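Visitor: Here is the input, now give the coordinates:
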Amino acid sequence: MPIAIAAALLAGACFAAGGVLQQREASARPDREALSVRLLIDLAHDPLWWLGIGFAFVSYVLEALALSFGPLVLVQPLIVTELLFALPISVRWRGMRMTRREWSGTVAVAAGLAVGIAASSPSAGRPTAPPADWATALGAVACLALLAVATGRARTGPARSSLFALGAAVVLGTQAALLKATVARFEHGVAAALESWELWGMVAAALVGLLLVQSAFEAGPLATSLPGIDAVEAAGGITFGIVLLHEDVRTGDRLIGVGVALALLLAGILVLDTSPLVSRLQRVERRQRQPEVARTAESAGPRARPPR
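Guide: As a prediction, this is how the structure comes out:
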């Protein structure tokens, strides 16, 4: 368990570094590239974005290490400590400072997850689940992700970023569960892992999650997307752990602590989403995006230029 906790915390730090770098580059892309493969193609030309992807890769390796020693319901919430690193760095990078409001929202999200872990006292379960159970769970995830993305496309501003982040988090929670199952397959050899559907399902979820995360980063500041991604991804991982993998959490009087944790999470996300600083960051990133839009229109030819 100590190895699982240490690896999960290091994974959170790497996720934080990767998220800041990816969001910085994605926020400069035009709105029309959201949810399109073109967004990933253009980002692939940015060295800083690749550095962010490198940090994300290291974090997944650390997450896999943590999952090989600890249950999903413990590891996923611990990774959310990235909030304590990513948001201050992102805001400072834009030449601003977090106020008491943003710090309280960030700490509330992290504290909510810590309280939830302490109250539930998670323990290990089975490494994977029957295909029929997976099919039901994946169908529910697909419906939730599609609903979030479709709603986000009809919105603008921070709400658009938050809804895209919600869709991404649902998919990433699934990816974490598939990663846990894939780690178990590797215990039976590389060939067994390569032949398992969980490995390739994890790869597919990673690709879809990557597109949705970058679209959320492109649509708004890190403060509107990262808290939602972390909270919902952790909740999804816990749900998968309990329902699919039969990982045990304590109930009874401890449900009061879980309720407090949920209240802290929701309050923290609401505080951050409605922060005036977030609105200022949104305006800064939109101004940053204008030169990139102009260069894209110019390179596309006369037809791409707006009429005078």
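
Visitor: so where's the chain uncertain?
Guide: Along the chain, the model assigns pLDDT under 70 to residues 117-125, 127, 248-255, 257-258, 273, 282, 285-308.

Visitor: Can you tell me how far R100 is from T106?
Guide: 11 Å (CB to CB, to the nearest Å). From N, CA and C alone the C-beta is placed, and that goes for glycine too.

Visitor: With neighbour numbers in mind, choose between those two.
Guide: T106 (23 against 7; other CB atoms under 10 Å).

Visitor: Which residues are in contact with that one?
Guide: L83, L84, L87, P88, M98, P227, G268, L272 (CB atoms under 8 Å, 6 or more residues apart in numbering).

Visitor: Let's see that with 6 Å instead.
Guide: Going by CB atoms under 6 Å, 6 or more residues apart in numbering, T106 touches L83, L87.

Visitor: next one: A140
Guide: Applying CB under 6 Å, 6+ apart, no residues qualify as near A140.

Visitor: Number the chain from 11, please
Guide: Right, with 11 as the first residue, what we last looked at is A150.

Visitor: Angles on the backbone of it, please.
Guide: As for A150, its main-chain torsions (degrees, to the nearest 10) stand at phi -60, psi -40.

Visitor: Kindly report the same for A36.
Guide: Residue torsions, per degrees, to the nearest 10, at A36 are phi -70, psi -30.

Visitor: got a list of what it touches?
Guide: By CB under 6 Å, 6+ apart, the contact set of A36 is Q224, F227, E228.

Visitor: Those residues into JSON lines, with extra columns for distance to C153 and neighbour count?
Guide: Below are these laid out as JSON lines (distance: CB to CB, whole Å; neighbours: other CB atoms under 10 Å):
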{"residue": "Q224", "distance to C153": "22", "neighbour count": "26"}
{"residue": "F227", "distance to C153": "24", "neighbour count": "33"}
{"residue": "E228", "distance to C153": "24", "neighbour count": "27"}
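
Visitor: Please tabulate these in JSON lines and include secondary structure and distance to F196 as additional columns.
Guide: Putting these into JSON lines (DSSP: H, G, I helix; E, B strand; the rest coil; distance: CB to CB, whole Å) gives the following:
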{"residue": "Q224", "secondary structure": "helix", "distance to F196": "28"}
{"residue": "F227", "secondary structure": "helix", "distance to F196": "31"}
{"residue": "E228", "secondary structure": "helix", "distance to F196": "34"}
